[in-house]
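[1] need coordinates for the following:
(2 chains)
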There are 2 protein chains.
Amino acid sequence: MGEFGLIGRLTAALGGDAAAGQVESARLGGGLLVGIGDDAAAWMQPNAVLVATTDMLVEGIHFNLDWTSWYDLGWKALAVNLSDVAAMGAAPGVALVSLGLRPDTPIADVEAFYAGMQELATVSGCTVAGGDTVSVCSDTVINVAVLGSMPAAEAGTLLRRGHGRPGYRLGVTGFLGASAGGLHALRTGVDVTVSGVGALLDAHRRPQPRLEAGAALRAAGVRCAMDVSDGLLADLGKLCATAGCGATVRADSLPVHPALRSLFPDMALGWAAGGGEDYELLFAAPHDVMERAVAALMLLGLPATDIGELVTDPDVRIVDGAGQSVTIQAPGWDHFGHA
Amino acid sequence: MGEFGLIGRLTAALGGDAAAGQVESARLGGGLLVGIGDDAAAWMQPNAVLVATTDMLVEGIHFNLDWTSWYDLGWKALAVNLSDVAAMGAAPGVALVSLGLRPDTPIADVEAFYAGMQELATVSGCTVAGGDTVSVCSDTVINVAVLGSMPAAEAGTLLRRGHGRPGYRLGVTGFLGASAGGLHALRTGVDVTVSGVGALLDAHRRPQPRLEAGAALRAAGVRCAMDVSDGLLADLGKLCATAGCGATVRADSLPVHPALRSLFPDMALGWAAGGGEDYELLFAAPHDVMERAVAALMLLGLPATDIGELVTDPDVRIVDGAGQSVTIQAPGWDHFGHA
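    Okay, the predicted model is just below:
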């Protein structure tokens, strides 16, 4: 059972799918709008919609201290959560950080971790407000929870996975596959002075959460989005399962990162389709809204690409220029499937 | 460097001590009231004070699956966070749960974990709204973050560690040491049918967060409190360091759990003073407020005990009936100190 299957079971165990429209009462002044199964939970307060998300990073599974600095780790641990906030179209507010450290971890490493996190928090308007520090026996563990918000009057515009409909165009921000290429470069010791390698390493080490893009998508009328963390095709499968539809993606339209295409031509398409950790936004909207959204993102300096459409048939198909189904070696990233 | 020292370093690294009165701006509609260094972070919104807290539990450090059921683990992982919310005098609203599981963890165990958490969430008015599930290589890791609130008009009544003043009486809810006794019983295989053992096991496995008590303390005029998680003397030391004072505690006044006194007479006082994981509330207030507070707690069916007073001298002293300093073997519970 993959992680997505597990989430389904647990959603049932916790009393129904709030994401399907059921409004539960939370004592925090309003009803739960979004429960388990989207990028973040969301609920109404009198003056705001609050969103909350949490991510756990485990040494040996999600990061490797042999090639990841503590500074970058701090940045990335916050970034993956801000990406979830962006995928709801919200603005981040407060972060809570739990660190499970080996007792021999130098204090300088912990300070570097917080410095990296603080750099991203500062540019993102997020306050690191507290946390927990414990010791672990073996692998370092990091958990970050972020609380964000949007104006209460805009509650209906929350970006939701389930808001996709057959006939909607599918778009994705930025380029894909760069993080997987950067990880490969780190693992195999590629010469970092080679032109283009730096861009891949940056993509892997310091992903840029698409907070402005999420807000721009919402303003342009987009209502369906999620972030690409487990690989485009894996995440598109989740979006389709939640929205109750399928998708057709044109292989030749995937925005493969230029450095990837140049440095690793054989693997570039596979990584773009399934490499994971892109932290770009995948979104769907009617044709006219999609055009407005892509134009709005261009104004932010962020390219966005129409990669296909949502369809009634529940499968996710990749097609070539002639509309014929093709197969891409796409590893994806499913924690439990991998293990 | 113990955990408390580490927190101090990190508070400085993150740009100053918000707890000392500096109000930082968070984008979530208001200023940060409480940052790192209290039981929970707190900040203002237009209609509410929000509080947020997070705790990480690591297998082999904080729990042992040989003698802890997954159901109890789910209960306890939420309870330790609700205890922090109680220590601020707030009401819980939403919980986010991250689970780092070994790939071979049976799904039934995960469902039992959530069932145990849901039982406590239901009686506490808290909604489990989302989370993250990842795989780990070795030790199971659990992180829970809880968001709570109180009315904005009552922001000035937040229970704070730093609000203690010399001359204040010191009180503690319930009984102490039972959890440490329960842990000892589990470790050594004490016969669970012996009278009183069940109460100790319950205290260890399913601590009752003192949410009603926190609200009652606030209503009675108490402004200084924290929860007892690391052992009474260790936590009192933190309260005193934050408040800039010391304390004198009368050894013969400590509310040693009756079953502990009867079953483990030699260790009872030590565990009550430093066993940890009591999840009772330690509070300080002027004499008249303390009397009102103790009476209010009695109406809730929760005994509370005056155990001493805050003093100007920065030391924490334990004294006998004649006022002479005594030493109690109190192990305490400092994650980094222990390791």
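[2] got the contact list for A:Ala293?
    A:171, A:216-217, A:220-222, A:283, A:285, A:304 (CB atoms under 8 Å, 6 or more residues apart in numbering or on different chains). Every C-beta, even on glycine, is put in place using the N, C-alpha and C of the backbone.
[3] the closest residue to it other than its chain neighbours: neighbour count?
    Beyond its immediate neighbours in the sequence, the residue positioned closest to A:Ala293 (CB to CB, 6 or more residues apart in numbering or on different chains) is A:Ala220, lying 4.1 Å away. Residues near A:Ala220, counting by other CB atoms under 10 Å in any protein chain shown, number 18.
[4] next: A:Asn64.
    Other residues within reach of A:Asn64, judged by other CB under 10 Å, total 12.
[5] emit the PyMOL select command for whichever of the contacts of A:Ala293 are buried.
    If you want just the buried ones from the contacts of A:Ala293 in PyMOL, going by 16 or more other CB atoms under 10 Å in any protein chain shown, the selection is:
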select buried, chain A and resi 171+216+217+220+222+283+285+304
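[6] and which of the contacts of A:Ala293 is nearest to chain B?
    In terms of CB to the nearest CB, no member of the contacts of A:Ala293 lies closer to chain B than A:Ala216, at 17.1 Å.
[7] pretty sure the closest one sits against A:Gly301.
    No. Contact between A:Ala216 and A:Gly301 fails when scored by CB atoms under 8 Å: they sit 11.1 Å apart.
[8] re earlier: ok, the residue nearest to A:Ala293 - contacts?
    Residues in contact with A:Ala220 (CB under 8 Å, 6+ apart) are A:285, A:289, A:292-293, A:296.
[9] re the thing from before, turn the contacts of A:Ala293 into JSON lines, columns for secondary structure and pLDDT.
    Listed next are the contacts of A:Ala293 as JSON lines, based on DSSP: H, G, I helix; E, B strand; the rest coil; pLDDT from 0 to 100:
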{"residue": "A:Gly171", "secondary structure": "strand", "pLDDT": "98"}
{"residue": "A:Ala216", "secondary structure": "helix", "pLDDT": "98"}
{"residue": "A:Leu217", "secondary structure": "helix", "pLDDT": "98"}
{"residue": "A:Ala220", "secondary structure": "coil", "pLDDT": "98"}
{"residue": "A:Gly221", "secondary structure": "coil", "pLDDT": "98"}
{"residue": "A:Val222", "secondary structure": "coil", "pLDDT": "98"}
{"residue": "A:Phe283", "secondary structure": "strand", "pLDDT": "98"}
{"residue": "A:Ala285", "secondary structure": "strand", "pLDDT": "98"}
{"residue": "A:Ala304", "secondary structure": "strand", "pLDDT": "98"}
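[10] tell me the two of the contacts of A:Ala293 that are most distant?
    Farthest pair in the contacts of A:Ala293 (CB to CB) is A:Gly221 and A:Ala304. Separation: 14.3 Å.
[11] quick check: mean pLDDT of stretch A:185-193?
    For stretch A:185-193, mean pLDDT rounds to 87.
[12] kindly check the end-to-end length of it for me.
    Across stretch A:185-193, the straight-line distance between its terminal residues is 11 Å, by CA to CA, to the nearest Å.
[13] ok now it, how far from the chain's centre?
    Mean-position distance between stretch A:185-193 and its chain equals 25 Å (CA atoms, centre = their mean, to the nearest Å).
[14] next, the buried residues of it.
    Of the residues in stretch A:185-193, A:185-186, A:190 count as buried by neighbour count, 16+ other CB under 10 Å.
[15] tell me, what residue is most central in chain A?
    A centroid search over chain A (CA atoms, centre = their mean) returns A:Asp227, at 3.2 Å, as the residue closest to the centre.
[16] so it makes contact with A:Leu82?
    No. In terms of CB under 8 Å, A:Asp227 does not count as a neighbour of A:Leu82; the distance is 9.6 Å.
[17] from B:Asn81, how far off is the spatially most distant residue from the centre of chain A?
    Distance from the C-alpha centroid of chain A, by CA atoms, centre = their mean, peaks at A:Asp104 (32.2 Å). Noted for A:Asp104: a distance of 28 Å to B:Asn81, by CB to CB, to the nearest Å.
[18] can you pull the residues of the stretch 101-250 of chain A lying near chain B?
    With CB under 8 Å from any CB of the partner chain as the criterion, the stretch 101-250 of chain A comes near chain B at residues A:103, A:107, A:110-111, A:114-115, A:118, A:125-139, A:141, A:143, A:145, A:147-149.
[19] ok, A:Ser83 touching A:Tyr279?
    Yes. With contacts counted by CB under 8 Å, A:Ser83 reaches A:Tyr279, the gap being 4.4 Å.
[20] pull the distance from stretch A:259-279 to the chain's centre.
    With CA atoms, centre = their mean as the basis, the mean position of stretch A:259-279 lies at 17 Å from the chain mean.
[21] ditto for stretch A:70-77
    For stretch A:70-77, the gap between its own C-alpha mean and the chain's C-alpha mean amounts to 16 Å (CA atoms, centre = their mean).
[22] for chain B, tell me whether it is touching it.
    No. Judged by CB under 8 Å from any CB, stretch A:70-77 and chain B are separated, with a smallest distance of 10.7 Å.
[23] list the buried residues of that stretch.
    When neighbours are counted by 16+ other CB under 10 Å, the buried residues of stretch A:70-77 are found to be A:70-77.
[24] closest point of the stretch 151-300 of chain A to chain B, which residue?
    For the stretch 151-300 of chain A, the residue closest to chain B is A:Pro151, as judged by CB to the nearest CB, at 9.5 Å.
[25] give me the neighbour count for the spatially closest residue to that residue that is not a sequence neighbour.
    Nearest in space to A:Pro151, with sequence neighbours left out and distances taken as CB to CB, 6+ apart, is A:Ala48 at 6.5 Å. Other residues near A:Ala48 come to 26 when the count uses other CB under 10 Å.
[26] I'd say A:Ala48 and A:Ala152 touch.
    Yes. Taking CB under 8 Å as the contact criterion, A:Ala48 and A:Ala152 are neighbours in contact, 5.4 Å apart.
[27] and the closest residue to A:Val141 other than its chain neighbours, bridged to which residues?
    Counting by CB to CB, 6+ apart, the nearest residue to A:Val141 once its immediate chain neighbours are dropped is A:Gly100, at 3.7 Å. Note on A:Gly100: beta-bridge partners by DSSP bridges are A:Val134, A:Val141.
[28] which residues touch the residue of the stretch 151-300 of chain A closest to chain B?
    For A:Pro151, the contacting residues are A:47-49, by CB under 8 Å, 6+ apart.
[29] out of those residues, which are inside strands?
    Judged by DSSP state E, the contacts of A:Pro151 include A:48-49 as members of strands.
[30] so can I have TSV of the contacts of A:Pro151 showing pLDDT?
    As requested, the contacts of A:Pro151 are arranged in TSV below (pLDDT from 0 to 100):
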residue	pLDDT
A:Asn47	79
A:Ala48	85
A:Val49	90
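[31] okay if I get the contacts of A:Pro151 as TSV plus distance to B:Ala180?
    Putting the contacts of A:Pro151 into TSV (distance: CB to CB, whole Å) gives the following:
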residue	distance to B:Ala180
A:Asn47	44
A:Ala48	42
A:Val49	43
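[32] state the pLDDT value of A:Arg9.
    Reading off the confidence values, A:Arg9 has pLDDT 58.
[33] oops, could you answer that again for A:Gly29 instead?
    In the prediction, the pLDDT value recorded for A:Gly29 is 41.
[34] show me the shaky parts of chain A.
    Scanning chain A for pLDDT under 70 picks out A:1-30, A:36, A:330-339.
[35] what about 50?
    Flagging of chain A using pLDDT under 50 yields the residue ranges A:1-2, A:4, A:15-27, A:29, A:332-339.
[36] where do the helices sit along it?
    Listed in chain order, the helices of chain A (DSSP state H) span A:3-13, A:70-88, A:107-124, A:178-188, A:197-205, A:211-219, A:232-243, A:258-263, A:268-274, A:287-299, A:335-338.
[37] just name the most buried of these.
    With neighbours defined by mean count of other CB atoms under 10 Å in any protein chain shown, none of these is more surrounded on average than helix A:70-88, at a mean of 26.
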